[in-house]
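Predicted model follows, preceded by the sequence.
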Amino acid sequence: MGGVFVDTIKRVQDLMQVRDMNLCVLAKKCGISYSTIQTTARRGGQLSVETIERICQGLGITLKDFFDSSYL
């Protein structure tokens with residue numbers, strides 16, 4: 001039984017683009033450092049669940065919405 005892989009960085013970028021938001025604005029809304037997302041993206045890594053939860057709060061969406069590929 002395999003799961004579906006979600007590129008969390010790509011998902012954040014898509015959600016920011018739809019909202020016409022840049023990384024600086026998102027970081028301020030979420031209370032996370034700009035470098036947290038930027039460094040993770042540069043290294044090709046994935047965001048932690050805690051960081052994703054904070055991003056969701058800043059975007060006004062749920063974790064379910066974040067992982068629902070049809071939601072933008």
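Nice, thanks for sending it over.

okay, and for this structure, where does confidence drop off?
1-4 (pLDDT under 70).

90 instead?
1-7, 9-10, 33-47, 68-72 (pLDDT under 90).

Can you tell me the centre-most residue of the protein?
residue 12 (3.2 Å; C-alpha atoms, centre = their mean).

Name the nearest residue to that residue, ignoring sequence neighbours.
In this structure, residue 12 finds its nearest non-sequential neighbour in residue 55, 6.0 Å apart by C-beta to C-beta, 6 or more residues apart in numbering. C-betas here are computed from N, CA, C, even on glycine.

ditto for residue 36
Nearest one to residue 36, counting by C-beta to C-beta, 6+ apart, is residue 51 at 6.3 Å.

quick revisit: check whether the residue nearest to the centre of the chain really touches residue 26, as I assumed.
Yes. Counting by C-beta atoms under 8 Å, a contact exists between residue 12 and residue 26, whose distance comes to 7.4 Å.

what residues are up against the closest residue in space to residue 8 that isn't next to it in sequence?
Nearest non-adjacent residue to residue 8, counting by C-beta to C-beta, 6+ apart: residue 47, 4.3 Å away. Taking C-beta atoms under 8 Å, 6 or more residues apart in numbering, we find residue 47 in contact with 8, 9, 12, 36, 37, 40, 55.

what does residue 33 give?
If you count contacts by C-beta under 8 Å, 6+ apart, residue 33 has them with residue 27.

do the same with residue 55
Residue 55 makes contact with 12, 26, 30, 32, 47, 66, according to C-beta under 8 Å, 6+ apart.

I'd like these as a markdown table, with secondary structure appended.
Converted to a markdown table, the contacts of residue 55 look like this (DSSP: H, G, I helix; E, B strand; the rest coil):
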| residue | secondary structure |
| --- | --- |
| 12 | helix |
| 26 | helix |
| 30 | helix |
| 32 | coil |
| 47 | coil |
| 66 | helix |
